[in-house]
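Colleague: What would the 3D arrangement of this be:
(one chain, ligands or ions: 1)
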Amino acid sequence: MENFFAKPAPSYTFEIFPPKGNKSTEGTYAVIDSLVSFNPDLISVTYGAGGSSRDNTVEIASGIQNKYNVCGVAHLTCVGTTRENIREILNRLKSNGVRNILALRGDLKDKSDLGDFHHASELISFIKNEFGNDFDVFAACYPEKHPEAKSVEEDLIHLKEKCDLGVKGLISQLFFDNDIFCEWRERARAMGVTQPIIAGIMPITSASQIEKVVEMCGASVPERVRRFVNTYGHHQGAVKEAGIAYATEQIIDLLARDVEGIHLYTMNQADTVRRIDAGIRSVLYTKRYAVRSN
Ligand code: FAD
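Modeller: From the prediction side, this is the model:
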């Protein structure tokens with residue numbers, strides 16, 4: 001079985017979302033067919049809020065693992081659910097050979113309905129107590145702090161708590177400003193976070209997307225990004241071109257700054273990934289295998 005943590009850094013990973021409810025998984029598998037050709041170290045599958053795509057997450061993460069022999073990571077949120085429910089999903093993942101979980105709280109819609117878990121740390125403890133080392137657990141981290149946290153410091157204290165429970169890797173919220181990420185990474189390291197921190201990159205492919213993203217996670221938008229969205233946003237092809245170029249440059253710079261991994265939020269757009277991949281491949285492999293030409 002593929003072991004993500006035995007692979008050389010920097011890692012190169014993708015995130016996809018599954019279809020909702022009873023919708024066919026055929027289209028998602030067509031996307032995965034393309035994505036695996038870029039040789040990712042893992043593909044993670046999101047989990048709909050409140051478990052709305054739960055069965056599809058389990059099925060597709062298993063398919064990635066078993067049909068493609070690529071590490072499949074199942075996202076798992078715990079808000080509003082029970083221990084029994086989580087145990088059942090974990091048992092299904094285990095019997096399907098999925099070894100990697102991204103353990104998340106999920107977004108709070110109604111604070112009165114938290115269920116058995118209040119924070120991702122409680123889910124991580126549960127996984128460790130009930131399943132020992134059956135799963136390698138990833139957790140989320142936030143270079144610009146989680147929107148609910150009062151400060152970066154407070155958020156990092158809770159991140160360290162998650163790490164101390166046995167998390168093996170961290171995947172970051174998306175960000176557009178590499179300086180912010182690198183400064184935050186320094187602070188995380190100073191607090192004793194030693195796990196690999198994989199940088200989450202979302203290419204901008206439409207003007208409406210950036211508004212939604214900023215509202216969802218509060219990411220800072222550099223002036224340069226605002227400018228290209230304002231200038232080209234009315235033209236789908238043009239803004240996508242500019243967004244792909246920006247994400248490509250962002251990744252090249254992060255690799256030069258010794259990032260431990262790049263996680264592309266693909267939005268299931270294999271063509272966008274193909275274009276970014278073409279722009280970063282030799283840089284990624286040079287960094288990974290320290291190829292030097294004199
Ligand atoms: P937590 O780690 O619990 O943190 C949430 C907040 O609580 C933070 O402000 C933290 O500082 C604080 N906190 C943590 N522990 C404590 C404590 N013990 N006491 C007090 N405060 C505490 N959502 C989905 O629904 N489905 C997905 O598939 C999904 N995938 C994601 C993938 C990535 C890479 C990321 C970054 C996010 C993803 N999310 C997803 C969103 C995520 O569920 C939300 O950001 C959610 O609000 C927080 O989840 P968390 O696991 O970071 O929570």
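
Colleague: Any part of the helix or strand hosting Leu76 near the ligand?
Modeller: Using DSSP states H and E, Leu76 maps to strand 71-77. Yes. Remark: strand 71-77 sits within contact range of the ligand at His75, Thr77, by CB under 6 Å from any ligand atom. Placement of C-beta: from N, CA and C, glycine included.

Colleague: so what secondary structure elements neighbour that strand?
Modeller: strand 42-45, helix 54-67, helix 83-95, strand 100-104 (3 or more CB pairs under 8 Å, 6 or more residues apart in numbering; DSSP states H and E).

Colleague: Most tightly packed of the ones you listed?
Modeller: strand 42-45 (a mean of 26; mean count of other CB atoms under 10 Å).

Colleague: In the chain, where is pLDDT below threshold?
Modeller: Low-confidence segments of the chain (pLDDT under 70): 1, 49-52, 291-294.

Colleague: Can you tell me which residues in it are near the ligand?
Modeller: Residues of the chain lying near the ligand (CB under 6 Å from any ligand atom): 46-47, 49, 75, 77, 102, 104-107, 119-121, 140, 146, 148-149, 155, 158, 162, 171, 173, 200.

Colleague: Out of those residues, which sit inside helices?
Modeller: Taking DSSP state H, the ones among those that sit in helices are Ala120, Ser121, Asp155, His158, Lys162.

Colleague: the strands in this protein, which residues?
Modeller: 11-16, 42-45, 71-77, 100-104, 136-141, 169-174, 197-201, 261-265 (DSSP state E).

Colleague: pull the CA atoms of the last one into PDB?
Modeller: What that stands for is strand 261-265. Output in PDB follows, covering the C-alpha atoms of strand 261-265 (Å, rounded to 0.1, in the frame of the first residue of the first chain):
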ATOM      1  CA  GLY A 261       4.300  20.200   0.000                       C
ATOM      2  CA  ILE A 262       1.900  21.800  -2.400                       C
ATOM      3  CA  HIS A 263      -1.800  20.900  -2.200                       C
ATOM      4  CA  LEU A 264      -3.900  22.000  -5.100                       C
ATOM      5  CA  TYR A 265      -7.500  22.800  -4.500                       C
END
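
Colleague: For it, which strands pair with it and how are they oriented?
Modeller: Sheet pairing of strand 261-265 (DSSP bridges) gives strand 11-16 (parallel), strand 197-201 (parallel).

Colleague: just how off-centre is the longest one within its chain?
Modeller: Its chain's average C-alpha position is 7 Å from that of strand 11-16, according to CA atoms, centre = their mean, to the nearest Å.

Colleague: okay, the angle between that strand and strand 136-141?
Modeller: Interaxial angle, strand 11-16 versus strand 136-141 (axes from the mean of the first three to the mean of the last three CA atoms, to 10 degrees): 80 degrees.

Colleague: what sits up against strand 11-16?
Modeller: 4, 28, 31-32, 35, 38-46, 60, 73, 171, 196, 198, 200, 260-266, 268, 273, 284 (CB atoms under 8 Å, 6 or more residues apart in numbering).

Colleague: could you flag which of the residues you listed are buried?
Modeller: 4, 28, 31-32, 35, 38, 40-46, 60, 73, 171, 196, 198, 200, 260-266, 268, 273, 284 (16 or more other CB atoms under 10 Å).
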